[in-house]
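**Q** give me coordinates for this.
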Amino acid sequence: QTPLISPSISPTPPPAIIINSCREIIESGKYILGKDIHSPKDTCLNIHDMTDIELNCNNHIISADYAHNGALNVKNVNNFSIKSCVLKANIGINNRSDGTSFPVLWPAFSLTNSNNSTITENTIQGMWVNSDGDGSIPNTSSTNLNIHHNTFVGGGYMQSYTRNSFISNNTMSLAAGKDQ
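**A** Coordinates of the predicted model:
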């Protein structure tokens, strides 16, 4: 008698979540940007305190005004990917102690205390990779970042307190015209 073999059934992954407005993301999963999104007063997309996320922007724009932490802010996230986003820098106001102020260009993308990432095929007007501290306290720096095939325009790229990061095959441009 031939034993009956049952086919293996793989669980169906949950569908991707479509994003059509600025929001906070605090749950694991796949996210797709369905259209350009903009915040007039703060960070537009804030991803934090979680594990396992994929964000594919399908070449849509994420932008914000007056957002010190960028239009896209990723903080305390492990195992994530950011792909095909157009991240626009934003203008903010820096107030001086003497009561005067001056405009400042904040980065489009801020990454803090996050690990095991792939950031690829994006257009980014300024990116900061940093930590909440000086990197001497365990788990307060970003590690194992794979940043490749991006175009950095205008705002450049700045990194501090990171370990085991690979930055390759990116294009850097100082010019940030209105169409960038």
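
**Q** any regions of the protein where pLDDT drops low?
**A** 1-8, 10, 91-92, 131-140, 175-180 (pLDDT under 70).

**Q** try 50 this time
**A** Across the chain, residues meeting the criterion (pLDDT under 50) sit at 134-136, 176-180.

**Q** residue contacts, Glu28?
**A** Careful, residue 28 is Ser and not Glu. Ser28 makes contact with 50-53, according to C-beta atoms under 8 Å, 6 or more residues apart in numbering. (Each C-beta comes from the backbone N, C-alpha and C, glycine too.)

**Q** what of Asn115?
**A** Residues in contact with Asn115, defined by C-beta under 8 Å, 6+ apart, are 77-79, 142-145.

**Q** what do you get for Thr120?
**A** Thr120 sits next to 81-83, 146-150 when contact means C-beta under 8 Å, 6+ apart.

**Q** beta-bridge partners for it, please?
**A** Taking DSSP bridges, one finds Lys83, His148 as the beta-bridge partners of Thr120.

**Q** and it, how far from Ser168?
**A** Using C-beta to C-beta, to the nearest Å, we find Thr120 at a distance of 10 Å from Ser168.

**Q** need the residues touching each of these two.
**A** In the contact map built from C-beta under 8 Å, 6+ apart, the residues linked to both Thr120 and Ser168 are 147-148.

**Q** now a ChimeraX select for only the buried ones of the contacts of Ser28.
**A** The buried residues among the contacts of Ser28 can be selected in ChimeraX (16 or more other C-beta atoms under 10 Å) with this line:
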select :50,53
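
**Q** closest one of the contacts of Ser28 to Ser21?
**A** When the contacts of Ser28 are compared for distance to Ser21, the smallest value, 17.7 Å, is given by Ile53; criterion: C-beta to C-beta.

**Q** so what's the closest one up against?
**A** Taking C-beta under 8 Å, 6+ apart as the definition, contacts of Ile53 comprise 25, 28-31, 47, 77, 79-81.

**Q** give me that answer again for 7 Å
**A** Contact partners of Ile53, counting by C-beta atoms under 7 Å, 6 or more residues apart in numbering, are 25, 28-29, 31, 47, 77, 80.

**Q** report the buried members of those residues.
**A** The neighbour-count test (16+ other C-beta under 10 Å) applied to the contacts of Ile53 identifies 25, 28, 31, 47, 77, 80 as buried.

**Q** which neighbouring elements make contact with whichever helix or strand the third one is part of?
**A** Yep, that's Tyr31 we're talking about. Following DSSP states H and E, one finds Tyr31 within strand 29-33. Counting by 3 or more C-beta pairs under 7 Å, 6 or more residues apart in numbering; DSSP states H and E, the packing neighbours recorded for strand 29-33 are strand 17-19, strand 45-56.

**Q** run the chain-centre distance for stretch 31-48.
**A** Distance of stretch 31-48 from the chain centroid (C-alpha atoms, centre = their mean, to the nearest Å) equals 10 Å.
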